[in-house]
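Asks: Have a look; sequence and predicted model below, questions after that.
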Amino acid sequence: MNDLAPLLTPEGRALLDEVRGTAPADELAVATRLRRGHPAGLVSAALGQARLRQRAAAKFGAEDAERMFFTPNGVEQSTRASVAAYRAERLRALGVTSVADLCCGIGGDSIALARAGIRVLAVDRDPLTAAAARANADALGLAGLIDVREADVTEVDTAPYDAVFVDPARRGGRGRIFDPEAYSPPLSWAVRAALEAPHAALKVAPGIPHEAVPAEAEAEWISDGGDVKEAVLWFGTAPGAVRATLLPGPRTLLGRGLPDPEVRSVGRYLYEPDGAVIRAHLVAEAAEELDGGLIDPTIAYVTADTLRETPYATAYEITDQLPFGVKKLKALLREREVGILTVKKRGSAVEPEELRRKALPKPQGPHSVTVFLTRVAGAPTMLIGAPVRAVTGAGAS
């Protein structure tokens, strides 16, 4: 699929309606039937678009995805709608009324910005991608707020806009790009563009080294439903600040420059911090809320003797602490009639699936446990426990 125009015609739109929800196993039969009355290329394009829409539903919701137009890279690289909406709301709260969305892709962020009432210039140099962004603005009734331009973002005048948003390409022919200077455009260019605007937000990979964050930027790591989605460098907000934001919510933990927590023996509860908290290096802030310490100076597990509510970590009640050993674990699971085994690891080279297969080759009964493969005071250790009730509410800002 290298041209959206045929799908935007009345015939193309009718075909898209007809193939909506087609299961992969039925595609051949559907294609054979439709090709009797429509060009084969158009039928293939419609079925391909239907597949992309089904994949995109997880990010955009079924209602929007069924109306939007996608490219394979656009589905893969676009921002989840909930994250884009959160970021757009932050910009709106800063008083931003217009944004230059550079490297706009298929327009996911532009859509969120427009829905927040912000006027958007959406720029992408790829013709097909820009066409998809334009079609999406029209399909969602946002064309009046989103002006799509096919251009090189480095040649765009952003002076007329209140803010700049840059989402550089972080994938190449060999997969993910980890060096920020290998982004397209490079992070250094994006930072220069950000510093020229009253406000700016640069989307970067969550694994960006903290030392690569410019001194002028606020760094925010965002997770959605427990999965870390991105990091954002904000300009025109709070230089040097660090925050972890959890969606839905949002719930935000602000860095306070605390020293590393002390190491303690394993208590009754083990807390697994949210990935955004870990990426933001705010485990100390989370541990202070929990009155907890670390089980090992190099491991981001917090332990405490009391259960406290926090949105920033998942709590587990620990029943056993054992030196690592498959036979010991297998015997314990058999004794406790365990049929469901969840394996988590941090600081261990053992693969969870391998341990699960060896320790629980077949269900032993109705009970479930969670095993943490980790280190305690430097020693390979298994912590056995189970999640406690969901803890939310306190400590949010």
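Replies: Okay, I see it.
Asks: switch to C-alpha atoms for all contacts and neighbour counts from now on
Replies: OK.
Asks: helices or strands up against the helix or strand harbouring Val83?
Replies: Here Val83, judged by DSSP states H and E, is contained in helix 81-93. When contacts are defined as 3 or more C-alpha pairs under 8 Å, 6 or more residues apart in numbering; DSSP states H and E, helix 81-93 sits against helix 40-60, helix 108-115, strand 218-224.
Asks: Turn those into JSON lines, including distance to Pro198, mean neighbour count and mean pLDDT.
Replies: Below are these laid out as JSON lines (distance: least, C-alpha to C-alpha, whole Å; neighbours: other C-alpha atoms under 10 Å; pLDDT from 0 to 100):
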{"stretch": "helix 40-60", "distance to Pro198": "29", "mean neighbour count": "20", "mean pLDDT": "95"}
{"stretch": "helix 108-115", "distance to Pro198": "17", "mean neighbour count": "25", "mean pLDDT": "98"}
{"stretch": "strand 218-224", "distance to Pro198": "14", "mean neighbour count": "24", "mean pLDDT": "98"}
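Asks: Would you mind giving those as TSV with distance to Asp157 added?
Replies: Output for those, formatted as TSV (distance: least, C-alpha to C-alpha, whole Å):
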stretch	distance to Asp157
helix 40-60	30
helix 108-115	18
strand 218-224	24
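Asks: which one of the ones you listed lies closest to Val148?
Replies: In terms of C-alpha to C-alpha, the element of the helices and strands packed on helix 81-93 nearest to Val148 is helix 108-115, at 9.4 Å.
Asks: Name the next helix or strand downstream of the closest one, please.
Replies: Per DSSP H and E, the first helix or strand lying C-terminal to helix 108-115 is strand 119-124.
Asks: Report the mean per-residue pLDDT for that following strand.
Replies: In this model, strand 119-124 carries a mean pLDDT of 98.
Asks: so where do the strands sit in the stretch 151-300 of the chain?
Replies: 163-166, 171-172, 175-176, 199-204, 218-224, 227-235, 242-247, 251-254, 269-273, 293-294 (DSSP state E, counting those that start in this stretch).
Asks: By mean pLDDT, show me the worst of those strands.
Replies: Among the strands of the stretch 151-300 of the chain, strand 171-172 carries the lowest mean pLDDT, a mean of 66.
Asks: all helices of the stretch 251-397 of the chain, in order?
Replies: Using DSSP state H, counting those that start in this stretch, the helices of the stretch 251-397 of the chain run over 275-279, 283-290, 326-335, 352-359.
Asks: Contacts for the shortest one next, please.
Replies: So that's helix 275-279. 206-207, 221-223, 226-228, 244-246, 253, 283, 286, 300, 312 (C-alpha atoms under 8 Å, 6 or more residues apart in numbering).
Asks: Repeat the analysis, applying 10 Å as the threshold.
Replies: Helix 275-279 is contacted from outside by 206-210, 220-224, 226-231, 243-246, 252-255, 272-273, 281-286, 300-301, 312-313, using C-alpha atoms under 10 Å, 6 or more residues apart in numbering.
Asks: Which positions within stretch 21-37 qualify as buried?
Replies: Within stretch 21-37, the residues that count as buried by 16 or more other C-alpha atoms under 10 Å are Glu27, Val30, Ala31, Leu34.
Asks: Let me fix that, I meant to ask about stretch 315-329.
Replies: Using 16+ other C-alpha under 10 Å as the test for burial, stretch 315-329 gives Ala315, Tyr316, Glu317, Ile318, Pro323, Phe324, Leu329.
Asks: which non-adjacent residue is nearest the fifth one?
Replies: Right, Pro323. Thr381 (4.6 Å; C-alpha to C-alpha, 6 or more residues apart in numbering).
Asks: How many residues are close by that neighbour?
Replies: 20 (other C-alpha atoms under 10 Å).
Asks: Please apply the same query to Ala5.
Replies: 12.
Asks: Please tell me I have it right and it contacts Ala131.
Replies: Yes - between Ala5 and Ala131 there is a contact under C-alpha atoms under 10 Å: 8.4 Å.
Asks: any weak-confidence spans in this structure?
Replies: 1-2, 171-175, 390-397 (pLDDT under 70).
Asks: Quick check, central residue of it?
Replies: Central residue of the chain (C-alpha atoms, centre = their mean): Lys229, 1.7 Å from the mean position.
Asks: Let me see the contact set for the residue lying closest to that one once chain neighbours are set aside.
Replies: Among residues not flanking Lys229 along the chain, Ser223 sits closest, at 5.3 Å (C-alpha to C-alpha, 6+ apart). Contacts here follow C-alpha under 10 Å, 6+ apart; on that basis Ser223 touches 83, 206, 229-231, 244-248, 250, 274-277.
Asks: Quick check on the residues you listed: which are buried?
Replies: 83, 206, 229-231, 244-247, 274-277.
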